[in-house]
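A.B. asks: pasting the structure only:
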C-alpha cells in the first residue's frame, strides 16, 4: 500500500494504467512467479498504476484464495512505487468480501465492477456501490458498463459517497459522459472526482475522451507492447496528434478490428500477445477460449506494423518515457475491461472487465 491517497496518485499520471494478465502454469494453476515477473516488468517499463485481478486479469475466473495471492504479490512487487487497485465484483455480499480481501492484501483501492447478472434500477445500483465503498477504507472507482449504466443524477450521488473517488466508463456514450461530468462539476464543484476511459482498447477513443476532459485510460496494449502504449500515451498527453493518428491508423484500428473477430478477445488476445512477447502466462480459463491460430498470427503481424509505425515517426520513437527505456513486447501491459469484455458492450452484466483494460 502506498502512503498517498489514491486520488492524488492518479490525478496526474506519467504513464499508462497497467491491467496485468493473471498467469497460469501448464496445468492451469496459478503461477505466481510468472505473475510477479509480469507485474514487475510493467512497473519498470513506466506504468502509473497496477490494476490487479480486474477484467484483463480474469477476476471472474479466480477463487478468493487466488485473488488474495495475486493482489498480495502485486503489492509486494510494486513496493509502493505505484498504487495497486484490485477488482471487486459479483453481488453486494461477495463484492464486499473481495473488497475486504483486497484491503487485507495491501491494495490501495478498488475497481468496483458491475453486479453479477441482475439488471438493477438506479436506486439499487446506488445502494450496492454505497455498501461496497463503506465496507473498507479503500478508495473505490466505480466501473460503468453492461448492466451498470448511470444517470448523471446517480453519479452525483455516487460522488457524494465517502470513499467513491471516480468513474471508469466502459459504456462509450460520450454524450452521457459529458452530462455526467457537467452534473458532478455543477453539483459538487469542490469534489476531486476522477474519470477514466475504460473501453476495450481505450486508445482508439482517446482523442474523443480527451475532448471532454477525460485523460485517464486503461491500456491493455501496455501488457504486450509497452513501447507502443507509452509512445501513444506520451503523444496523447502532449498533443502530438500526428503521432497519435499514425499509431491509430497503423496499429490500434487493425487491433480493434481483429479483436472483433472473436468472443472474449478483449482478454484472450491480450494474453496471446503477452505470450508472443516471450512471457509464459498460460491460456485463459473457461468460459473464455483461446484465439484461433490464424488470429494469433494476425496479431503478431499487427504488432510488427505498430513497431514500424513507431520507427517511421520523426526522430524514431524508441519507446522511452520519463527516463525509462522499455523492452520490446516482453509481456508488459489494459476495459475496458475490468470477466471478459467482448466487443459487444451491452453484455449480460457478468461484472467482469474488458481487457483493454
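C.D. replies: Here it is on my side, so go on. Please read these numbers as outputs of a predicted model, since none were measured by experiment. Numbering: from 1, shown residues only.
A.B. asks: Would you map the strands across the chain?
C.D. replies: Secondary structure of the chain, counting by DSSP state E: strands at 17-18, 49-52, 84-88, 109-112, 139-144, 164-169, 194-197, 216-219, 320-321, 324-325.
A.B. asks: what about these, which gets the closest to residue 63?
C.D. replies: strand 84-88 (13.6 Å; C-beta to C-beta). Every C-beta, even on glycine, is put in place using the N, C-alpha and C of the backbone.
A.B. asks: So which elements touch the closest one?
C.D. replies: Packing partners of strand 84-88 (3 or more C-beta pairs under 8 Å, 6 or more residues apart in numbering; DSSP states H and E): strand 49-52, helix 64-78, helix 92-104, strand 109-112.
A.B. asks: Point out where the chain drops to low pLDDT.
C.D. replies: Within the chain, the stretches with pLDDT under 70 are 1-4, 314-357.
A.B. asks: rerun at 90
C.D. replies: Residue ranges of the chain with pLDDT under 90: 1-5, 11-12, 14, 312-357.
A.B. asks: got the buried residues for the longest helix along the chain?
C.D. replies: The longest helix of the chain (DSSP state H) is helix 293-311. By neighbour count on 16 or more other C-beta atoms under 10 Å, the buried set for helix 293-311 is 295-296, 298-299, 302-303, 306-307, 309-310.
A.B. asks: ok, now stretch 228-237?
C.D. replies: Applying 16+ other C-beta under 10 Å to stretch 228-237 flags 228-236 as buried.
A.B. asks: In helices, which of those residues fall?
C.D. replies: 228-236.
A.B. asks: Out of the residues you listed, the closest to residue 53 would be?
C.D. replies: residue 229 (20.2 Å).
A.B. asks: Pull the number of nearby residues for the nearest residue to that closest one once chain neighbours are set aside.
C.D. replies: Distances taken as C-beta to C-beta, 6 or more residues apart in numbering place residue 222 nearest to residue 229, at 3.9 Å, with adjacent residues excluded. Residues lying near residue 222 (other C-beta atoms under 10 Å) number 33.
A.B. asks: Same question for residue 147.
C.D. replies: 18.
A.B. asks: rewinding a little: so what does the longest helix of the chain touch, helix or strand wise?
C.D. replies: By 3+ C-beta pairs under 8 Å, 6+ apart, helix 293-311 packs against helix 226-238, helix 241-247, helix 253-259, helix 265-276.
A.B. asks: Tell me what residue 50 is bridged to.
C.D. replies: residue 18, residue 84 (DSSP bridges).
A.B. asks: Could you pull up the residues touching it?
C.D. replies: By C-beta atoms under 8 Å, 6 or more residues apart in numbering, the contact set of residue 50 is 18, 20, 39, 42-43, 74, 78, 82-85.
A.B. asks: Switch the residues you listed over to TSV, and while doing so, append distance to residue 172 to every line.
C.D. replies: What follows is the contacts of residue 50, written out as TSV (distance: C-beta to C-beta, whole Å):
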residue	distance to residue 172
18	22
20	24
39	28
42	25
43	29
74	28
78	30
82	27
83	26
84	27
85	21
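A.B. asks: and which of those is nearest residue 169?
C.D. replies: Nearest to residue 169 among these, with distances taken as C-beta to C-beta, is residue 85, at 15.9 Å.
A.B. asks: measure residue 219 to residue 206 for me?
C.D. replies: Using C-beta to C-beta, to the nearest Å, residue 219 is found at 10 Å from residue 206.
A.B. asks: what about those two, which has more around it?
C.D. replies: residue 219 (29 against 25).
A.B. asks: and the strands of the chain as TSV, adding distance to residue 287?
C.D. replies: What follows is these, written out as TSV (distance: least, C-beta to C-beta, whole Å):
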stretch	distance to residue 287
strand 17-18	25
strand 49-52	21
strand 84-88	17
strand 109-112	21
strand 139-144	20
strand 164-169	23
strand 194-197	26
strand 216-219	22
strand 320-321	36
strand 324-325	37
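A.B. asks: Now do stretch 25-39: distance to the chain's middle.
C.D. replies: 19 Å (C-alpha atoms, centre = their mean, to the nearest Å).
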